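Asks: sharing a sequence plus its predicted fold:
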Amino acid sequence: MKKHQLSLLLVGGLSLTFGACSTRTKVRSVGLQSRQDSIAYAFGVLNGEAFSSAVKEVPGDTLNRAQVVQGFSDIFLGKEVRLSAKDARLLFERYHQELRDKEAKKQLAEADSVMNANQRKEGVKVTESGLQWRVLRAGQGAHPTEQDTVVVHYKGQLADGKVFDSTYKTGEPATFALNQVIPGWAEAVALMNKGAKYEFLLPPSIAYGARGAGNMIPPNAPLFFEIELVDIKPFVKAEEATTTNEGKAPTEPKQGIKIKKKAPRAKR
């Protein structure tokens, strides 16, 4: 969930013309007595407009605007307030946390529904971690270990079908060290061997969890991946690396799923 903060935008300079403002706010005569009164009123209009927009962005139920204005007025005019700034901040933080917890439960319920529906598909298998997988094309040879580096083509999708990452768009495979990716991804690729193409569904617990990933992956989102294992570059110990560069993990993966977290060993 996007974190909203109630803030008042203070205008540093009145560079905007009143003509520009009139495109958003209807202008009418207010009977201002002096230029200074006009400037003060203009300052209030501009900041009131920003403040009103900020109030609309507060998540949850619609705020009682009369109480919002009362709290603002008490502070602005130096009157006695009913809540200290510390208590007000704590109350608002608790309110946000309650909304986040409520949304998290809803997201997890939706994720469970997606996982349960996919599990019923023909050919789908499930590991102890909840990872679901299905063979699209079998491969041959050894499986990669958690210390190996792999070359893969892949496509990542949300439950609604939205593609958030894909190597197929560029036609160039990506290279990852399996100990540098999210746990579910490492477990998934370890089930494969060279030439294989699998379909996976990662539960949130072994994907990006409650935090999500930027604007692309929501909190508690189950993730679909179609992965093709192009090549395996075995791990090379430090003493062996002096004679060969083969198997060294890249310092920066080509795509955006890197996260430093040790992955559990996959069951085959």
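Replies: Structure's in. What do you need? It should be emphasised that the depicted structure is a prediction, and the values quoted were computed from it without experimental measurement. Residues are numbered from 1 along each chain as shown.
Asks: rest of the way, CA atoms for contacts and neighbours
Replies: Fine.
Asks: which strands or helices does the host helix or strand of residue 185 pack on?
Replies: In the assignment (DSSP states H and E), residue 185 maps to helix 183-190. In terms of contacts (3 or more CA pairs under 8 Å, 6 or more residues apart in numbering; DSSP states H and E), helix 183-190 is packed against strand 197-202.
Asks: so what touches the strand it packs on?
Replies: With contacts defined as CA atoms under 8 Å, 6 or more residues apart in numbering, strand 197-202 is touched by 115, 130-139, 184-185, 188, 192, 222-229.
Asks: cool, stretch 136-147 as well?
Replies: Contacts for stretch 136-147 (CA under 8 Å, 6+ apart): 150, 177-179, 186, 189-199, 232, 234-235, 263, 265.
Asks: beyond the biggest helix by length in the chain, next helix or strand please.
Replies: Counting residues, the longest helix found in the chain (DSSP state H) is helix 85-119. The first helix or strand that comes after helix 85-119 along the chain, using DSSP H and E, is strand 125-126.
Asks: which residues sit against that following strand?
Replies: Contacts to strand 125-126, defined as CA under 8 Å, 6+ apart, come from residues 119, 132-134.
Asks: if we use 10 Å, what do you get?
Replies: Strand 125-126 is contacted from outside by 118-119, 131-135, 200-201, using CA atoms under 10 Å, 6 or more residues apart in numbering.
Asks: quick one: which of these is nearest residue 45?
Replies: residue 201 (51.4 Å; CA to CA).
Asks: on the three-state scheme, the nearest residue to the closest one once chain neighbours are set aside is what?
Replies: Distances taken as CA to CA, 6 or more residues apart in numbering place residue 224 nearest to residue 201, at 4.5 Å, with adjacent residues excluded. With DSSP: H, G, I helix; E, B strand; the rest coil as the basis, the three-state label of residue 224 is strand.
Asks: so how far is residue 204 from residue 224?
Replies: 11 Å (CA to CA, to the nearest Å).
Asks: now residue 141
Replies: Residue 141 is 30 Å from residue 204, by CA to CA.
Asks: the more surrounded of those two?
Replies: residue 204 (23 against 10; other CA atoms under 10 Å).
Asks: ok, now how distant is the residue of the chain positioned farthest from its centre from residue 97?
Replies: Here the centre of the chain is the reference, and by CA atoms, centre = their mean the most remote residue is residue 33, at 51.7 Å. Counting by CA to CA, the separation of residue 33 from residue 97 is 47 Å.
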